[in-house]
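# Test case, fold it:
(chains A and B)
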Amino acid sequence: MIEIKDLHKSYKMGSNSLHVLKGINFSVEDGELVAIMGSSGSGKSTLLNILGMLDELDEGSYTLDGVPIKNMNETKAAQYRNKFLGFVFQSFNLINYKTAAENVALPLYYQKVGRKERQEKALKYLEQVGLREWAGHLPSELSGGQKQRVAIARAMAAEPKVLLADEPTGALDSKTSYEVMDLIQKINDAGNTILIVTHEPDIAKMCKRIVHLKDGIIIEDEKITQVRAAQYVQ
Amino acid sequence: MRFIFDTNTWQEIFGSIGKNRTRTIITVIGVLWGIFIYIALSGAAKGMDNGFEEVFENVAKNSMFVWAQNTSMPYEGFRTGRPIQLKLEDATSLKNRIPEIEYIAPRNVRGVFGDAPGTIVRGQKFGSYNVYGDFPVFTKITTKKIYDGGRFINDADIEQSRKVCVIGERTEKELFEKGESPIGKFIRIDHVFFQVVGVHKFSQGGGFDSDGDIFIPFSTYRKLYNSGNNVGWFSIAAYDDADVLKVEESVKTLLKSIHKVNPEDERAFGSFNLGEVFGRVSGFAKGLTFLSLVVGIATILAGVIGIGNILLISVKERTKEIGVRRALGATPREVRAQIILESVFLTVVAGIMGIILGAGVLSIINNATQDLDFPYSNPTVPIPYVLGALAIMVVLGTLIGLIPAQRAVSIKPIDALREE
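Numbers count the residues shown, from 1 in each chain, chains lettered A, B, ... in the order given. Predicted coordinates:
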């Protein structure tokens, strides 16, 4: 599903350049649940941004679902993001003047899906994250965990190939964190490929594979036995 | 194009506009005020224009009056200060010698220039009214509305020196009973019985007309007042394409030569040129229209710039939202189109509201000035002007929207999302 070869990325900071990713080789199969771990500055967010086509790579190659991702213009990147990728952010990033259902329907709007179908799908995905009865509420009326579940529903609504989550539990307490992870695991069980950036070991252990980044290179890449989040959730 | 008619697009736009209502309303007021000023000003200018037109509508616009005074220079043995008397024959000479003259009406009056007005008696009622001796051609220069089935003086009246008269509204009111038709009735003008043939409706025609004026045939007048061939003054209308100032000049030159007046004498003949006055007034009205156009458009521009400004701030505020949208798959084109459409939508809504408000105010002013003696009537703004203003607003809205739209597109989604 994801194929990365010899990926380099550096940022120019005035006269000196900061080499963030120094040759990453990394691939993800269909249906995997991968945690990318590392301390801050290790390059994990940069990697996720490149995977999410939010940032461009300097060197190397990136293939997503058989499509080489390079020399993208903004329009193309936007279409690919819309078609292939779902995003979950640490700070939820829901649009605060739209209701939960409208937020979930937003990627479908950019897919040019008709209004009726959008509403139906939005409700369907809200149902999946257990928030159907909150469909008409604004984000400000939801708790943190609920917001993140809406964000996940939004990411799923476009039926992406890969779900990218940047610290999805970073702003949540551990109980809600586990609820969110439980949801992510269930989505993964349904066959979706998911990448999670986290620095919390207990969250990482709930994935099926952990990739450790340090100073821009992968120092460890291990498959683990998944800890089910459901056991922490009443 | 599909984008514009898509209900989804509009939902998005209403969503983001409705987000900050107070600000949206204040922004809209900026443009609304602009178009309001534009509509109100140009409507008022048009109203003034119409008002002036109305004042002059009863008078041929290229008409003039010429009258005689005293000479101020000696000439061919005549002394200074000699009074000049216009004669009936002068009219024929003028008409024959100056081809630009379309109509010339010799006129006489009693009661205007210091002499006693006619005493009019009917039964027990009486009054003093100005009595004019006129030719039928007079109505070609100054229209007189005759009502109640009457008529003005005609050629037969002149030929036979008939004792007929046309009376004014006020005369009718003062001499006749309410509901009584004066047509065919007799009144006494300075002890001579005259039959009333018509009643004229008073309309301001410039000069010294009043609603009590009585018109009798010129030929009857000269018999009644023993005025011979004397003429009080000439009312002259030139052809539409003639230069009235030149005609005025040639009329005076000719009169000077007929009456043996020094060609350099400026005081021997007086004249009043309605065409010139009218030209000045209508020039003023045109200037006013132009001014209101400029002021209105400048105000609209200021309002639209305000909208651009606000959208720029709103884009800045919505950096994160735009980042999210782009992460979710909004193409730069869609982001740009949305911002521009927001701008155009705000401008047009504001514009339409401004037009309605402006029209309302114009109609209120119109109603308020209806009964006043003020040259103002039927203030309208031509539809092309309104549509033009709307088109200008759409164009300006688009142009001004381009700035925030470009700003929104230049935000990289990743930077937008990073911003806390």
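# now B:R122, which residues is it bridged with?
B:K125 (DSSP bridges).
# wait, B:F215
As for beta bridges, B:F215 partners with B:Y132, B:V166 under DSSP bridges.
# quick one, strands of the stretch 51-200 of chain B?
Under the criterion DSSP state E, counting those that start in this stretch, the stretch 51-200 of chain B contains strands at B:63-68, B:86-87, B:101-110, B:118-122, B:125-129, B:131-134, B:145-147, B:164-168, B:186-189, B:192-201.
# I'd like the average pLDDT over the fourth one.
For strand B:118-122, the per-residue pLDDT values average out at 88.
# what about the residue of the stretch 301-420 of chain B found nearest chain A, which helix or strand?
Here the stretch 301-420 of chain B gets closest to chain A at one residue, B:G329, 2.3 Å apart by CB to the nearest CB. In short, each C-beta sits where N, CA and C put it, glycine included. Under DSSP states H and E, no helix or strand contains B:G329.
# Can you check the pLDDT for the closest residue to it other than its chain neighbours?
Distances taken as CB to CB, 6 or more residues apart in numbering or on different chains put A:N82 closest to B:G329, at 2.3 Å, once the chain neighbours are dropped. Per-residue pLDDT puts A:N82 at 88.
# Now do the same contact list for A:N82.
Neighbour list for A:N82: A:P107, A:Y110, A:Q111, A:A158, B:L328, B:G329 [criterion: CB atoms under 8 Å, 6 or more residues apart in numbering or on different chains].
# Can you list the buried residues in the host helix or strand of B:F36?
Assigning secondary structure by DSSP H and E places B:F36 in helix B:21-56. Going by neighbour count (16 or more other CB atoms under 10 Å in any protein chain shown), the buried part of helix B:21-56 is B:24, B:27-53, B:55-56.
# thinking again about what came up before, gap between the residue of the stretch 301-420 of chain B closest to chain A and A:L54?
To A:L54, B:G329 is 12 Å away according to CB to CB, to the nearest Å.
# Please enumerate the shared neighbours of those two.
Counting by CB under 8 Å, 6+ apart, the residues touching both B:G329 and A:L54 are A:R81.
# can you tell me which residues contact residue 84?
No chain specified, so I'll use chain A. Contact analysis of A:F84 by CB under 8 Å, 6+ apart lists A:L64, A:D65, A:V67, A:P160, A:K161, A:V162.
# that's the wrong chain, I wanted chain B
B:A68, B:Q69, B:N70, B:T71, B:H259, B:V261, B:A268, B:F269.
# Please render those residues as TSV that adds distance to B:G397 and neighbour count to the earlier fields.
Converted to TSV, these look like this (distance: CB to CB, whole Å; neighbours: other CB atoms under 10 Å in any protein chain shown):
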residue	distance to B:G397	neighbour count
B:A68	65	22
B:Q69	64	12
B:N70	68	12
B:T71	69	23
B:H259	69	19
B:V261	68	24
B:A268	65	24
B:F269	61	23
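# For A:E59, state which of those residues is nearest.
Taking CB to CB as the measure, B:F269 is the one of these closest to A:E59, at 101.1 Å.
# ok, back up a step: which of the contacts of A:N82 ranks first by neighbour count?
Greatest neighbour count in these, by other CB atoms under 10 Å in any protein chain shown, goes to A:P107: 30 neighbours.
# got any ranges where chain A has weak pLDDT?
A:234 (pLDDT under 70).
# for it, which helix is longest?
helix A:174-189 (DSSP state H).
# Any idea how many residues pack against B:P263?
A count of neighbours around B:P263, defined by other CB under 10 Å, yields 11.
# Contact partners for it?
B:T253, B:K256, B:S257.
# Rank the helices and strands of chain B by mean pLDDT and give me the bottom one.
Scoring the helices and strands of chain B by mean pLDDT, DSSP states H and E places helix B:2-5 at the bottom, with a mean of 63.
# Spell out which parts of chain B neighbour chain A.
B:7-8, B:11-12, B:15-16, B:18-19, B:320-321, B:323-334, B:409, B:412-414, B:417, B:420 (CB under 8 Å from any CB of the partner chain).
# any idea which of the contacts of B:I84 is the one closest to B:C165?
B:A68 (26.3 Å).
# Do I have it right that the closest one meets B:S271?
No - here B:A68 lies out of contact with B:S271, judged by CB atoms under 8 Å, at a distance of 10.3 Å.
# Pull out the buried members of the contacts of B:P263.
Buried by 16+ other CB under 10 Å: B:K256, out of those.
# which one among the contacts of B:P263 gets closest to B:P117?
B:K256 (31.5 Å).
# which residue ranges form the strands in the stretch 251-400 of chain B?
Secondary structure of the stretch 251-400 of chain B (DSSP E, counting those that start in this stretch): strands at B:269-273.
# Quick one: low-confidence residue ranges for it.
The model of the stretch 251-400 of chain B has pLDDT under 70 over residues B:371-375.
# List the contacts of the nearest residue to B:S235 once chain neighbours are set aside.
Among residues not flanking B:S235 along the chain, B:A105 sits closest, at 4.4 Å (CB to CB, 6+ apart). Contact partners of B:A105, counting by CB under 8 Å, 6+ apart, are B:A91, B:D134, B:F135, B:V137, B:F138, B:K140, B:I141, B:F234, B:S235, B:I236.
# Mind listing the residues bridging to A:L33?
On the basis of DSSP bridges, A:L33 is bridged to A:I194.
# elements contacting the longest helix along chain B?
Assignment by DSSP H gives helix B:274-317 as the longest helix of chain B. On a contact count with 3 or more CB pairs under 8 Å, 6 or more residues apart in numbering or on different chains; DSSP states H and E, helix B:274-317 meets helix B:21-56, strand B:63-68, helix B:244-258, helix B:332-369, helix B:383-410.
# can you list the domain ranges for chain B.
Domain ranges of chain B: B:2-56+B:279-418, B:63-274, per automatic domain parsing.
# Including distance to A:N103, could those domains go into CSV?
Output for the domains of chain B, formatted as CSV (distance: least, CB to CB, whole Å):
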stretch, distance to A:N103
domain B:2-56+B:279-418, 9
domain B:63-274, 70
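# Which among those domains is found nearest to A:N73?
Shortest distance between A:N73 and the domains of chain B, using CB to CB, is found for domain B:2-56+B:279-418: 8.7 Å.
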